[in-house]
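**Student:** predicted model and sequence below, questions to follow.
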Amino acid sequence: MMNKSNEKRLFTEAPLGNTAQMLKVMTAAQFAALGAGDIVFWRQMNAGDLAQFVPQAGMAPADQPLELLMSADGAPVLIADSRDAILDWIEGHEVRLATLH
């Protein structure tokens with residue numbers, strides 16, 4: 001199992017051509033861990049749908065829109081009821097926001 005500092009060193013020290021090859025042999029868990037703690041994904045979901053993944057969201061009315069911030073490895077980072085709360089959290093942490101396509 002690779003830790004985060006080893007992963008960063010491995011990819012920053014590798015010649016550019018070898019990096020693509022290394023990505024081909026990584027497990028799904030190793031690939032997901034690359035951005036854990038550094039990259040976050042943001043999306044809006046209603047509480048009912050979110051409760052399938054994060055049981056605590058079930059405490060809100062099912063149709064209430066919630067803002068969800070997730071780590072690159074899929075772990076929930078923050079659940080909020082406003083965009084401003086998400087933006088404030090991102091501003092206070094050293095993370096990069098990735099867009100979902």
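**Tutor:** Great, that's in hand. Numbering: from 1, shown residues only.
**Student:** what's the domain layout of this structure?
**Tutor:** 1-34, 35-101 (automatic domain parsing).
**Student:** lowest average pLDDT across the ones you listed?
**Tutor:** Of all these, the minimum mean pLDDT falls on domain 1-34 (a mean of 57).
**Student:** just the strands from this structure, written as ranges.
**Tutor:** According to DSSP state E, the chain carries its strands in the segments 39-46, 65-71, 76-80, 96-98.
**Student:** most tightly surrounded among those strands?
**Tutor:** strand 65-71 (a mean of 19; mean count of other C-beta atoms under 10 Å). The way it works is simple: take the backbone N, C-alpha and C, and place the C-beta from them, glycine included.
**Student:** what residues does Gln44 make contact with?
**Tutor:** Gln44 sits next to 65-68 when contact means C-beta atoms under 8 Å, 6 or more residues apart in numbering.
**Student:** one more pass at 7 Å, please.
**Tutor:** Residues counted as contacts of Gln44 (C-beta atoms under 7 Å, 6 or more residues apart in numbering) are 65, 67.
**Student:** again, but for Thr27
**Tutor:** No contacts exist for Thr27 under C-beta under 7 Å, 6+ apart.
**Student:** re earlier: make a markdown table out of the strands of the chain and add distance to Met59.
**Tutor:** Listed next are those as a markdown table, based on distance: least, C-beta to C-beta, whole Å:
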| stretch | distance to Met59 |
| --- | --- |
| strand 39-46 | 13 |
| strand 65-71 | 11 |
| strand 76-80 | 10 |
| strand 96-98 | 26 |
